[in-house]
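J.: Got a sequence here, can you build the structure:
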Amino acid sequence: MGSYSMPKYAVPLSALGTFIGGLYLLKDYMGGAKYTGEERLAGRTVVITGANTGIGKEVARDLARRGGRVIMACRDLDKCERARAEIVVETANRNIKCQLLDLASIGSIKAFAKAVNQNEKRLDILINNAGIMRCPKLLTEDGFEMQLGVNHLGHFLLTHLLLDKLKASAPSRIINVSSLAHSRGRINFEDLNSATTYNPAAAYEQSKLANVLFTLELAKRLKDTGVTCNAVNPGLVKTEIGRHLSVTKSYISSFLLFPFLWLMLKTPRQGAQTTLYAALDPNLAKVTGKYLSDCEEQALSEKVLDEAVVKRLWAISEKWTRIT
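T.: Alright, predicted model coming up:
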């Protein structure tokens with residue numbers, strides 16, 4: 001019987017395959033907790049802002065797969081329609097709708113909310129997901145610094161305009177997507193709109209802190225209504241929101257840091273897990289006013305819990321968005 005000799009390249013290829021497999025297992029581990037609930041959403045309606053890309057798109061895909069009616073609230077309807085078509089094909093759920101919403105425009109927010117209130121029988125889950133990060137200094141249509149305007153004030157107004165529908169559909173949930181960056185933020189009441197000086201990082205951190213403060217106060221005001229409100233931290237996620245970061249603009253930096261960033265940054269699907277947990281987990285049916293990360297509750301710092309700051313920000317937000 002003849003002898004068999006292993007090809008000389010077999011061992012290196014096997015070692016390479018093991019190494020690559022190990023890297024993917026490590027990335028999966030670094031991606032954090034996964035939401036494994038199997039809840040169905042037939043007969044329930046969800047609004048997701050910024051649903052045409054990134055975390056919002058992954059949340060929309062998952063909730064569509066569960067049979068929900070999903071309203072994708074987006075500024076760019078062409079991108080939204082392409083994302084919608086993809087989700088419909090993947091999930092076989094045709095009850096997915098694109099609807100124009102520009103969070104940088106009070107007029108657009110009011111028009112969107114009016115359409116939802118008039119045309120939708122119910123609203124079970126509102127996911128305030130859309131956001132902008134560290135952009136050059138820009139102003140919204142109504143004169144607000146763009147990050148504060150889109151990330152906080154736009155969602156503040158939208159939520160208020162949809163509250164009656166949410167209450168009528170109770171038990172219902174509001175999820176505000178914040179960030180770990182909130183812990184570095186400070187509400188700069190002396191220059192809240194960054195009119196005097198503008199620091200892209202500080203403005204972003206302020207807007208994400210505002211998301212958390214809004215969550216805490218809204219949860220108190222919704223006590224005994226059957227509507228819960230929680231904030232979530234998706235973690236560090238590779239999405240289009242990071243397009244203004246300097247590292248993404250440099251080809252050299254992107255190339256050199258790619259292995260590290262690939263390993264450390266979550267995929268949009270991984271980043272969506274805590275939002276899904278907040279929206280679906282039955283154990284959170286009566287949990288409100290919390291900050292969630294990696295599919296569990298996280299403690300907030302004393303700085304975040306300053307009642308005077310919470311109430312002052314709320315009053316200013318009402319005045320600026322012209323809520324009566």
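J.: Figure out how far stretch 61-72 is from the centre of its chain.
T.: 16 Å (Cα atoms, centre = their mean, to the nearest Å).
J.: Stretch 80-94 too?
T.: On Cα atoms, centre = their mean, the centre of stretch 80-94 falls 20 Å from the chain's centre.
J.: How about stretch 270-281?
T.: Distance of stretch 270-281 from its chain centroid, counting by Cα atoms, centre = their mean, is 10 Å.
J.: how long is stretch 164-181 end to end?
T.: Across stretch 164-181, the terminal residues are separated by 31 Å (Cα to Cα, to the nearest Å).
J.: buried sites along it?
T.: For stretch 164-181, a neighbour-count test (16 or more other Cβ atoms under 10 Å) marks Lys165, Leu166, Ser169, Ser172, Arg173, Ile174, Ile175, Asn176, Val177, Ser178, Ser179, Ala181 as buried. Bear in mind the C-beta positions are built from the backbone N, C-alpha and C, glycine included.
J.: Enumerate every residue touching the second one.
T.: For Leu166, the residues meeting the contact criterion (Cβ atoms under 8 Å, 6 or more residues apart in numbering) are Leu123, Leu126, Ser172, Ile174, Val227.
J.: hmm, try it at 10 Å
T.: Going by Cβ atoms under 10 Å, 6 or more residues apart in numbering, Leu166 touches 47, 122-126, 159, 172-174, 222, 225-229.
J.: Narrow those to just the buried residues.
T.: With burial judged by 16+ other Cβ under 10 Å, the buried subset of these is 47, 123-126, 159, 172-174, 222, 227-229.
J.: can you tell me which of the residues you listed lies nearest to Tyr291?
T.: Distance to Tyr291 across the buried ones among the contacts of Leu166 (Cβ to Cβ) is lowest for Cys229, with 11.2 Å.
J.: Pull the helix or strand where that closest one lies out as CSV, backbone CA atoms only.
T.: Taking DSSP states H and E as the definition, Cys229 sits inside strand 227-233. Output in CSV follows, covering the C-alpha atoms of strand 227-233 (Å, rounded to 0.1, in the frame of the first residue of the first chain):
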residue,chain,number,x,y,z
VAL,A,227,-46.1,54.2,28.6
THR,A,228,-42.5,53.5,29.6
CYS,A,229,-39.5,55.4,28.6
ASN,A,230,-35.9,54.2,28.7
ALA,A,231,-32.5,55.3,27.2
VAL,A,232,-30.1,52.9,25.6
ASN,A,233,-26.4,52.9,24.9
